[in-house]
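Undergrad: Have a look; sequence and predicted model below, questions after that.
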Amino acid sequence: MDDDYFDYETTVDLERKVAFVTGANSGLGFETSKMLASKNATVIMACRNLEKGNEAKERILDEYPEADIKVVYLDLSSKESIYNLLPFLKKKIDTIDFLVNNAGVMMPPFALVEGNMESQLGINFLSHFLLTYLLFPLIENSPEGRIVNLSSIAHRWGDVNWNAYNTPATYDRKKCYGQSKLACLIFAYELQRRLTAEQSHVKSFAAHPGASSTNLFQFVAPWQRPIMHIIERFFFQDATDGAMSTMRALLDPYLVPGSFIGPSGFRELKGDPVVVSSNPISKDPINGTKLWEWSEKQLGIKFDIEEMIR
Ligand SMILES: NC(=O)c1ccc[n+]([C@@H]2O[C@H](COP(=O)([O-])OP(=O)(O)OC[C@H]3O[C@@H](n4cnc5c(N)ncnc54)[C@H](OP(=O)(O)O)[C@@H]3O)[C@@H](O)[C@H]2O)c1
């Protein structure tokens, strides 16, 4: 068998596994939740709109009536919402086997979150850093804990000037999306370095879905939509196929920790989920350390893995 091959259909039963998926009501998060639920995992669907979350849950139950799904409120543009989740979760569960940092926005009009952070960096990356920090003890409780961060081919558009785009004058929506996805990737790699250094059994991966048909493209300008539809028809895959990168990162027992998974086809736009590479900036451990320290400072926390697993 090809070493770089993964068949999700043959995945063993996931009964008694608990998955936490952000942005679970739509697109890749929805498909990931559905696939995990179909394999009998308990799936916690974290959504910023409970109505949409419950409607998504019903759609999964229509197909898999036995599925064990809980919908929780999580707005990643609010630190308070992330902190509020923890006591609620701890009452219900003591272990998370799979954390999927999936939610995201792409190229919205300029906005700040928490009053000072460009929204794409804040929502796509920094909030997931905080969420990972808060949920880490629960993930550590799992003998096979895995954390998957969603990145993108667009990480190549980004740079590492984390505070550069916090004003309308400096905002560049494409660059900011790229930067946020670069940050997610640097975080996934740095997290694995730190887990390895502390000999933790928890594993960190990054995944990207190539180009997948989802709601992510809602901020494409009206005049670009006709072109977008043509591109979509020829170069995109559907959200189920897009979610396979995440599924492999979550479930393939043979993956090297710290791997980045994306589609195998032309320019990684679509295809089977395989191990892919990323740009040199993302792999530089100095950028990993700097991003980690910058994030801790922004959030006023100390995400010290050594301390947390002691
Ligand atoms: N689709 C692609 O081609 C592609 C390519 C590369 C990477 N990705 C990445 O894949 C991930 C999933 O995106 P998608 O393509 O599935 O897009 P999507 O269909 O738009 O799903 C995004 C999800 O994130 C949620 N979300 C947005 N802002 C949030 C916030 N402040 N708090 C909590 N949840 C929030 C959305 O909730 P609402 O429904 O309430 O808005 C939705 O559930 C993203 O990280 C994206 O960067 C996608």
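TA: Looks like it arrived, so ask away.

Undergrad: The strand or helix carrying I147 packs against which elements?
TA: Secondary structure from DSSP states H and E places I147 in strand 146-150. Applying 3 or more Cβ pairs under 8 Å, 6 or more residues apart in numbering; DSSP states H and E, we find strand 146-150 packed against strand 98-101, helix 127-140, helix 173-197, strand 203-207, helix 244-251. Quick note: C-beta positions are derived from backbone N, CA and C, even for glycine.

Undergrad: what's near enough to touch the closest residue to F236 other than its chain neighbours?
TA: Leaving aside its chain neighbours, F236 sits nearest to A211 (4.6 Å; criterion: Cβ to Cβ, 6 or more residues apart in numbering). Shown here is A211, whose contacts under the criterion Cβ atoms under 8 Å, 6 or more residues apart in numbering are I153, E232, F235, F236, Q237, G242, L269, K270.

Undergrad: what two of those are the furthest from one another?
TA: Across the contacts of A211, the longest distance by Cβ to Cβ is 15.1 Å; it joins I153 and E232.

Undergrad: Buried residues, stretch 169-188. List them.
TA: Going by neighbour count (16 or more other Cβ atoms under 10 Å), the buried part of stretch 169-188 is 171, 173, 175-188.

Undergrad: roughly how far is that stretch from the heart of the chain?
TA: Relative to the chain's own centre, stretch 169-188 is displaced by 14 Å; criterion: Cα atoms, centre = their mean, to the nearest Å.

Undergrad: how far away is D284 from Y189?
TA: Distance of D284 to Y189, given as Cβ to Cβ, to the nearest Å: 9 Å.

Undergrad: if you count what's nearby, which of these two comes out ahead?
TA: Taking neighbours as other Cβ atoms under 10 Å, D284 and Y189 compare with Y189 leading, 25 against 14.

Undergrad: That one and P280 touch, don't they?
TA: No: in terms of Cβ atoms under 8 Å, Y189 does not count as a neighbour of P280; the distance is 11.8 Å.

Undergrad: coming back round to it: kindly export the strand holding I147 (C-alpha atoms) in PDB.
TA: What follows is strand 146-150, C-alpha atoms only, in PDB (Å, rounded to 0.1, in the frame of the first residue of the first chain):
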ATOM      1  CA  ARG A 146      -4.900  15.500  18.600                       C
ATOM      2  CA  ILE A 147      -5.100  19.200  17.700                       C
ATOM      3  CA  VAL A 148      -5.700  20.200  14.100                       C
ATOM      4  CA  ASN A 149      -5.400  23.800  12.900                       C
ATOM      5  CA  LEU A 150      -6.900  24.800   9.600                       C
END
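
Undergrad: Measure how that strand sits relative to strand 203-207, angle-wise.
TA: Here strand 146-150 runs at an angle of 20 degrees relative to strand 203-207 (axes from the mean of the first three to the mean of the last three Cα atoms, to 10 degrees).

Undergrad: Within range of the ligand, give me the residues from the stretch 151-300 of the chain.
TA: S152, H208, P209, A211, S212, T214, N215, L216 (Cβ under 6 Å from any ligand atom).

Undergrad: for the stretch 1-150 of the chain, same thing?
TA: 23, 25-29, 48-49, 52, 74-77, 102-106, 123-124, 150.

Undergrad: from these, which ones fall inside helices?
TA: In helices, defined here by DSSP state H, the members of those are G27, L28, G29, K52.
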